[in-house]
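> sequence below, structure please.
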Amino acid sequence: MEKLLADHRRQLGEFEIVEFVDEQEIANLRQKLDVPVPLELHWSWEYGSEIEELRALYERGKRGQWNAETDIDWSIPFPRDQWFVPRENALLLPTLLTMMGADEETCREAAFEEFAHLISQLLHGEQAALQLCGQLTNACPTIDQKFYAASQVADEARHVEVLAKFIERKLGMIYPIDPTLKVLLDRLLEAPTWKMKTLGMQTLFEGMAVAIFDQIVRAATNPLIKDILRRVQIDEARHAAFGVLTMRRVVQEATEEEMAEMEDFAFAILETLNANQQLDFLRQAAPKYGLDPEAVVQSLHAMPQWAQLNSEVYMHTVIPNLWRLGLITERTEEKYRRAGILWGDRLESRHELPLAS
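Numbers count the residues shown, from 1 in each chain. A predicted model of the protein is given here:
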């Protein structure tokens, strides 16, 4: 099984982390704007619906359209000197600083900065989804898949628009893309077939997006960000459903070798994402608050409930969906558990997808 970013791995205690420390390498990754992408365009002469559940999802998507400029109440303030999530247990830095006895202003500033970083990474991810769904519109074989992928292109453009406007109008600061995320998104965009692109973006990253947006929506107390992210979350749930419905047919027709390839691909992507343990962010922000990035990671790993907490975002949607698709087997289950990605009941989806719009 291929281990991604092998040259960027080392042991930190008992955990193998992925990290980038060379600033020039990070700059080069961010400057790499052109990505060679293999793409085989596929015509379809069947214009009637062939996959009823995908056509129903497409209809639901049409009904759920919203306008990022006119449907959002941009007059609602997002003041930097007010809490927008609880001080503890919503974001990492303010929680740690509170435990260390830092004053409220410091904790609030750390929360604002960490949130700006998170929204920035989500924005970069939305752009990748926008570009990949354009590829799926070309490459997917059925007209229902093309219709849905095309509608998702419009959704993703709206997500890029709304997050960029929120950053510009309310946060006033944007973080560049993290190097680990850039490598993984490029890997999805470069995937050789529409099936692997669907698995990577629609099943893995859209599932992760659903979980992240859900966690923020549940914690947020500011009505503006709650409204924006709730709208995006509903769209993302449809996108993840498109991934599951499409991959369900793919795996039914897959050979044993193809199943193993998809299982390994999914594990490699999620394991690498998890192996960074937010070090790309912590190296930028933690020293400003007197925190050592590696010490932060080590202290988190020392917590008895670390695996449960770490797995929460993965167990929300991605892991249950992969298991149901047959893309986690006895061959990879223990690896997921050792990495702290899979914890507890592997089939237990922690939350229902908010498909209703």
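> low pLDDT regions in the stretch 251-357 of the chain?
346-357 (pLDDT under 70).
> ok, longest helix in the chain?
helix 104-139 (DSSP state H).
> and the angle for the following helix or strand past that one with helix 104-139?
Using DSSP states H and E, the helix or strand that follows helix 104-139 in sequence is helix 143-166. Using axes from the mean of the first three to the mean of the last three Cα atoms, to 10 degrees, one finds that helix 143-166 and helix 104-139 are set 150 degrees apart in direction.
> quick one, helices of the stretch 151-300 of the chain?
For the stretch 151-300 of the chain, helices defined by DSSP state H, counting those that start in this stretch occupy the ranges 179-189, 194-197, 206-219, 223-253, 256-275, 279-285, 293-301.
> among those helices, which comes closest to residue 154?
helix 223-253 (9.8 Å; Cβ to Cβ). Placement of C-beta: from N, CA and C, glycine included.
> what residues sit buried inside that closest one?
Buried residues in helix 223-253, counting neighbours by 16 or more other Cβ atoms under 10 Å, are found at 224-229, 231-247, 250-251.
> ok, now stretch 254-264?
For stretch 254-264, using 16+ other Cβ under 10 Å, the buried residues are 254, 259, 260, 262, 263.
> packing partners of the longest helix of the chain?
Helix 104-139 sits against helix 92-99, helix 143-166, helix 179-189, helix 194-197, helix 206-219, helix 279-285, with contacts defined as 3 or more Cβ pairs under 8 Å, 6 or more residues apart in numbering; DSSP states H and E.
> rewinding a little: now the helices of the stretch 151-300 of the chain in CSV, with distance to residue 150?
Converted to CSV, these look like this (distance: least, Cβ to Cβ, whole Å):
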stretch, distance to residue 150
helix 179-189, 18
helix 194-197, 14
helix 206-219, 16
helix 223-253, 12
helix 256-275, 24
helix 279-285, 33
helix 293-301, 41
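> my read: residue 190 touches residue 39, true?
No - applying Cβ atoms under 8 Å, one finds residue 190 not in contact with residue 39, separated by 10.2 Å.
> please compute how far stretch 307-315 lies from its chain's middle.
14 Å (Cα atoms, centre = their mean, to the nearest Å).
> for that stretch, list the C-alpha coordinates in CSV.
Taking Å, rounded to 0.1, in the frame of the first residue of the first chain, the C-alpha atoms of stretch 307-315 are listed here in CSV:
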residue,chain,number,x,y,z
ALA,A,307,-8.7,8.3,19.7
GLN,A,308,-12.4,9.0,20.5
LEU,A,309,-11.9,12.8,20.1
ASN,A,310,-9.7,12.5,17.0
SER,A,311,-12.0,10.1,15.2
GLU,A,312,-15.1,12.3,15.7
VAL,A,313,-14.8,14.1,12.3
TYR,A,314,-14.1,10.9,10.5
MET,A,315,-16.8,8.8,12.2
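> pull out the buried positions in that stretch.
307, 310, 311, 313, 314, 315.
> between which two of these is the distance greatest?
Most distant of the buried residues of stretch 307-315, by Cβ to Cβ, are 307 and 313, 12.6 Å apart.
> which residues does residue 157 contact?
Applying Cβ atoms under 8 Å, 6 or more residues apart in numbering, we find residue 157 in contact with residue 130.
> and it, how far is that from residue 181?
20 Å (Cβ to Cβ, to the nearest Å).
> nearest to residue 95 among the helices of the stretch 151-300 of the chain would be which one?
helix 293-301 (10.4 Å).
> would you mind writing the CA trace of that closest one as CSV?
As requested, the backbone C-alpha atoms of helix 293-301 are provided in CSV (Å, rounded to 0.1, in the frame of the first residue of the first chain):
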residue,chain,number,x,y,z
PRO,A,293,3.4,22.9,18.1
GLU,A,294,4.9,19.5,18.8
ALA,A,295,4.2,19.8,22.5
VAL,A,296,0.6,20.5,21.6
VAL,A,297,0.3,17.4,19.5
GLN,A,298,2.1,15.2,22.1
SER,A,299,-0.2,16.5,24.9
LEU,A,300,-3.3,15.7,22.8
HIS,A,301,-2.0,12.2,22.1
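> which residues are in contact with it?
Under Cβ under 8 Å, 6+ apart, the answer for helix 293-301 is 12-15, 17, 92, 96, 277-279, 282-283, 286-287, 306, 309-310.
> immediately after that helix, which helix or strand?
Past helix 293-301, the next helix or strand by DSSP H and E is helix 306-315.
> got a list of contacts for that next one?
By Cβ under 8 Å, 6+ apart, helix 306-315 touches 208, 211-212, 215, 270, 274, 300, 303, 319, 337, 340-344, 348-350.
> if any of those residues are buried, put those into a ChimeraX selection.
Typed into ChimeraX, the line below selects the buried ones among these, using 16+ other Cβ under 10 Å:
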select :208,211,212,215,270,274,300,319,340,341,342,343,349,350
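> end to end on stretch 186-202, go ahead and measure it.
15 Å (Cα to Cα, to the nearest Å).
> picking up where we left off before, out of the helices and strands packed on helix 104-139, which is closest to residue 24?
Once the helices and strands packed on helix 104-139 are compared by Cβ to Cβ, helix 179-189 is nearest, at 11.4 Å.
> what is that closest one packed up against?
Using 3+ Cβ pairs under 8 Å, 6+ apart: helix 179-189 touches helix 23-31, helix 104-139, helix 256-275, helix 279-285.
> got the buried residues for the first one?
Counting neighbours by 16+ other Cβ under 10 Å, one finds that the buried residues in helix 23-31 are 26, 29.
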